[in-house]
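Peer 1: Just the structure for this:
(one chain, ligands or ions: 1)
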Amino acid sequence: MTRGNWAVSVVGATGLVGSEIVRQLLKRRFPMAALNLFASPASPTQEVYLKGRWVKIRPFSLNAIRDSEICFLAAGGEFSRRYARRIASLGNIVIDNSSAFRMNSDVPLVVPEINPEDLSWHRGLIANPNCSTIQMVVVLAPLHRKYKLRKVVVSTYQSVSGAGTRAVAELASQADAILNGQAPRGAVFPHQIGFNVIPHIDTFDSEGWSREESKMLNETRKILKDKEIDVIATTVRVPVFRGHSEAVYAEFATKIDVDEVRRELGHAPGVVVMDDVDRSIYPTPAFCAGEDATFVGRIRRVPGSNRALCMWIVSDNVLKGAALNAVQIAEQLMAGHVRSD
Ligand SMILES: NC(=O)c1ccc[n+]([C@@H]2O[C@H](COP(=O)([O-])OP(=O)(O)OC[C@H]3O[C@@H](n4cnc5c(N)ncnc54)[C@H](OP(=O)(O)O)[C@@H]3O)[C@@H](O)[C@H]2O)c1
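Peer 2: The predicted structure follows:
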């Protein structure tokens, strides 16, 4: 791996995250010597028009990716488990969007605003955190540094785009069917998602916690490097196309001052404070869709406690929750945190 323009690959380029990674690479002028796009062998060959030329999306093969230097994976956990390490062994730095390797001790889990230093110890594979976790820790990290975070109780309101292209189509078709007096049909979600909410994201463990809820606990601890933090999450799918929202209760080891918290978050990287309830100003997913930042509002002290606050956090799950964070990781690598072995 050398400095300069890199040969870049995106696997899953027909999907929500992969296609957004391509858009972000171009929008942010990531220096590329080549851009190779891949999807599954099941996809008919497609071409996308990028910056004045047509680029083919090809079926993925290890051979086709051999000349690449940095590879974004957005093709699901099964694909990543099978190929991520093999792609890395071909000399690529792999940035993986799936949950397959996030908790592996040899794989950094990185939010560039928080722990870019962890890129210095990567061994060719870097994990992008879970979308709900990223937006929560972007807001909590500066407060953790100042007040020492001890406990989080969070309920999420997660959009269907978090479950991929088919999930977006399922909400659209169910909403259409219901409004036309027909029975909603679906295959992606375990229940009707049109005009409904479902407290079930990913699989459940024997204690009744969903994997999405456990990811929020484990990934927060890894990114903030503090195993004492408790995160008690209830993760819920809502009939919103884009943008995850979170109602967060956060408890700290030391005294907090809410005005100071607002000021602190006001200059935190990647965070926009949107908080004026008298004028009905707070973030909503419709407002935040398509935006790079993570928005926070409804910041308020918890009655009877000078160490706890509540807030409302919203971000575009496909952008900061996935594609943008992945491209920011690549930018950090380009800036100097290259392979350490
Ligand atoms: N959506 C989000 O907000 C979000 C947030 C964080 C993380 N993620 C993670 O990002 C990954 C992609 O999610 P998504 O929402 O973009 O899903 P998606 O819209 O369903 O797209 C999946 C992509 O993977 C490709 N693919 C599937 N199997 C493949 C194979 N064997 N070889 C090559 N390509 C293959 C698909 O290609 P075809 O078109 O050929 O099927 C498609 O391009 C998942 O691991 C997901 O958990 C998503």
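
Peer 1: shaky segments in the stretch 1-150 of the chain?
Peer 2: Applying pLDDT under 70 to the stretch 1-150 of the chain flags the ranges 1-3.

Peer 1: Please name the residues that touch the closest residue to the ligand within it.
Peer 2: Using CB to the nearest ligand atom, the closest approach of the stretch 1-150 of the chain to the ligand is made by residue 15 at 2.0 Å. Backbone N, C-alpha and C define where each C-beta goes, glycine included. Neighbouring residues of residue 15 by CB atoms under 8 Å, 6 or more residues apart in numbering: 39, 74, 75, 164, 165.

Peer 1: Quick check, pLDDT for the residue of the stretch 201-341 of the chain found nearest the ligand.
Peer 2: Nearest residue of the stretch 201-341 of the chain to the ligand, counting by CB to the nearest ligand atom: residue 322, 3.5 Å away. Note for residue 322: predicted pLDDT of 98.

Peer 1: Find the nearest non-adjacent residue to the residue in the stretch 51-200 of the chain that the ligand sits nearest to, please.
Peer 2: Among all residues of the stretch 51-200 of the chain, residue 164 sits closest to the ligand, at 3.0 Å; criterion: CB to the nearest ligand atom. Of all residues not flanking residue 164 in the chain, residue 16 sits nearest, at 5.9 Å (CB to CB, 6 or more residues apart in numbering).

Peer 1: do the same with residue 307
Peer 2: residue 252 is the one closest to residue 307 (CB to CB, 6+ apart), at 5.0 Å.

Peer 1: contacting residues for that neighbour?
Peer 2: 143, 147, 148, 149, 150, 307, 308.

Peer 1: In TSV, list those along with secondary structure, distance to residue 334 and neighbour count.
Peer 2: As requested, those are exported to TSV (DSSP: H, G, I helix; E, B strand; the rest coil; distance: CB to CB, whole Å; neighbours: other CB atoms under 10 Å):
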residue	secondary structure	distance to residue 334	neighbour count
143	helix	30	20
147	helix	34	22
148	coil	33	14
149	strand	31	23
150	strand	36	17
307	coil	40	17
308	strand	40	17
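
Peer 1: rewinding a little: and the residue nearest to residue 164, how many neighbours?
Peer 2: 22 (other CB atoms under 10 Å).

Peer 1: Would you mind listing what in the protein touches the ligand?
Peer 2: Neighbours of the ligand within the chain, by CB under 6 Å from any ligand atom: 11-18, 38-40, 42-43, 60, 74-77, 79, 97-98, 131, 161-162, 164-165, 317-318, 321-322.

Peer 1: Which of the residues you listed are buried? Put it as a PyMOL command.
Peer 2: PyMOL command restricting the residues of the chain next to the ligand to the buried ones, with burial defined by 16 or more other CB atoms under 10 Å:
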select buried, resi 11+12+13+14+15+16+17+18+38+39+60+74+75+76+79+97+98+131+161+162+164+317+318+321+322
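
Peer 1: The residues of the chain next to the ligand in strands, which ones?
Peer 2: Cross-referencing the residues of the chain next to the ligand against strands under DSSP state E gives 11, 38, 39.

Peer 1: Make sure the first one is actually in contact with residue 62.
Peer 2: To tie it back to what came earlier, the one meant is residue 11. No. Look at residue 11 against residue 62 with CB atoms under 8 Å: they stay out of range, at 10.9 Å.

Peer 1: and for these two, which residues touch both?
Peer 2: The overlap between the contact sets of residue 11 and residue 62 (CB under 8 Å, 6+ apart) consists of residue 83.

Peer 1: For residue 76, which residues are in contact?
Peer 2: Contacts of residue 76 (CB under 8 Å, 6+ apart): 12, 98.

Peer 1: before we move on, back to that, among the contacts of residue 15, which one sits closest to residue 102?
Peer 2: Nearest to residue 102 among the contacts of residue 15, counting by CB to CB, is residue 74 at 14.4 Å.

Peer 1: unless I'm mixing things up, the closest one is touching residue 21, no?
Peer 2: Yes. Taking CB under 8 Å as the definition, residue 74 is a contact partner of residue 21 at 6.3 Å.

Peer 1: Quickly list what's touching both of these two.
Peer 2: The contact sets of residue 74 and residue 21 overlap at 10, 13, 323, 326 (CB under 8 Å, 6+ apart).

Peer 1: Now a PyMOL select for only the buried ones of these.
Peer 2: Remark: buried members of the shared contacts of residue 74 and residue 21, expressed as a PyMOL selection using 16+ other CB under 10 Å:
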select buried, resi 10+13+323+326
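
Peer 1: In CSV: the shared contacts of residue 74 and residue 21, plus distance to residue 155.
Peer 2: Below are the shared contacts of residue 74 and residue 21 laid out as CSV (distance: CB to CB, whole Å):
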residue, distance to residue 155
10, 33
13, 34
323, 25
326, 26
